[in-house]
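# fold the stuff below for me.
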Amino acid sequence: MSLLQALEKVDQVWNLDRLLQQELEEEEIIKSFTESHLAYRWVHSKAGSIHMALNPSGKFSKAGFYGQADLVARHIRETGARSVLEMGCGKGFNTLYLAGKYPEVSFHGIDLTPRHIMLAKKSATQARLNDVEFQTGNFSTLPYRSESFDLVFAVETLCYSKYKPKSLMEAQRVMGKGKRFVIVDGFRTDEFARLDEDVQTAAALAEKSMAVQEFAVLSEFLTMAEMSGFKVLAAEDRTADIMPTVYRLARKARTYYWSPALSRWINTLLPEAMLKNSVAALLMPHTIQCGAHSYQAIVLES
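As a prediction, this is how the structure comes out:
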């Protein structure tokens, strides 16, 4: 399916202008994740991951869902961190995995969605993990004392912040000097503004359908981080590693869009916020291949 064909399918089911005109505030983000809970479990990961798998081999494997946490684990070992915060912990997938590997480390997770925190707490209790705490909150006003953490990480979550400079400054505040902030997320490429209009439209649609107002442009984000007082230690392009997941989700989305009339009927039965994720699933192979989006692993030092 070509990009233009994919855009036509999305327009027939959702109406492009309606999707593009959405203004996404905290309430819409919470609604999207709450309504998408079962879809993530059915379609994406029964283990509770709500992020991309990292599969450097080029073949999809569920083990790749632990790839981002394994990146964080390396920094825990290198720095000897004893207190770690996950910003945007979701249902606790990464934090619980790391807490099982490092029982001597104190882990905290914060997330905007109350349902996520409820499920994370339940999982922590079931796993008998004692030094793990989860709470609801946003990135702009973190409920922690200054210099509380040796390491902070965020996996596919800073993209949801409409006030990224404030979120970065809050992360800086709760970290001690010389500590690391590990970010794994999607970005617009530096070439974005020069791409064809159809590609830019597809990228914006993919972002909005995931309840993201707009991905940051990579170079602008790195500059923003430096202006917030961070030093950029690394920015590694991991786009190729997520492609098995991207193609896997696209195959599922093509089934949904096979008959736009049937898709519209399904839309009357199931939550809209959940089904809109199919827009990103259908379009992201094109936005990545056309150079609009990339997936980066960034390490900052406070």
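# and the longest strand anywhere in the chain, what does it pack against?
Determined from DSSP state E, the single longest strand within the chain is strand 175-188. With contacts defined as 3 or more Cβ pairs under 8 Å, 6 or more residues apart in numbering; DSSP states H and E, strand 175-188 has these neighbours: helix 67-79, strand 149-155, helix 218-227, strand 293-301. No exception for glycine: its C-beta is placed from N, CA and C like everyone else's.
# what's the distance between the residue of the chain most remote from its centre and residue 30?
For the chain, the C-alpha farthest from the mean C-alpha position belongs to residue 261; by Cα atoms, centre = their mean, that distance is 30.6 Å. Distance of residue 261 to residue 30, given as Cβ to Cβ, to the nearest Å: 31 Å.
# tally of neighbours for residue 266?
A count of neighbours around residue 266, defined by other Cβ atoms under 10 Å, yields 14.
# cool, and residue 280?
Counted with other Cβ under 10 Å, residues neighbouring residue 280 total 25.
# can you give me how far stretch 203-222 is from the chain middle?
In terms of Cα atoms, centre = their mean, to the nearest Å, the centre of stretch 203-222 is set 11 Å apart from its chain centre.
# swap that for stretch 226-246, please
Distance, stretch centre to chain centre, for stretch 226-246: 12 Å (Cα atoms, centre = their mean).
# just the helices and strands packed on strand 175-188: most buried one?
Among the helices and strands packed on strand 175-188, the stretch with the highest mean neighbour count (mean count of other Cβ atoms under 10 Å) is strand 149-155, at a mean of 25.
# give me the sheet partners of it and which way each runs.
strand 83-87 (parallel), strand 175-188 (parallel) (DSSP bridges).
# what is the helix or strand hosting residue 11 packed up against?
Using DSSP states H and E, the element containing residue 11 is helix 3-14. Contact here means 3+ Cβ pairs under 8 Å, 6+ apart; on that basis helix 3-14 packs against helix 16-20, helix 197-209, helix 260-267, helix 277-289.
# the helix or strand following the shortest one vs helix 197-209, what angle?
Read it as helix 16-20. Downstream of helix 16-20, the next assigned helix or strand under DSSP H and E is helix 26-35. On the basis of axes from the mean of the first three to the mean of the last three Cα atoms, to 10 degrees, helix 26-35 is oriented at 80 degrees to helix 197-209.
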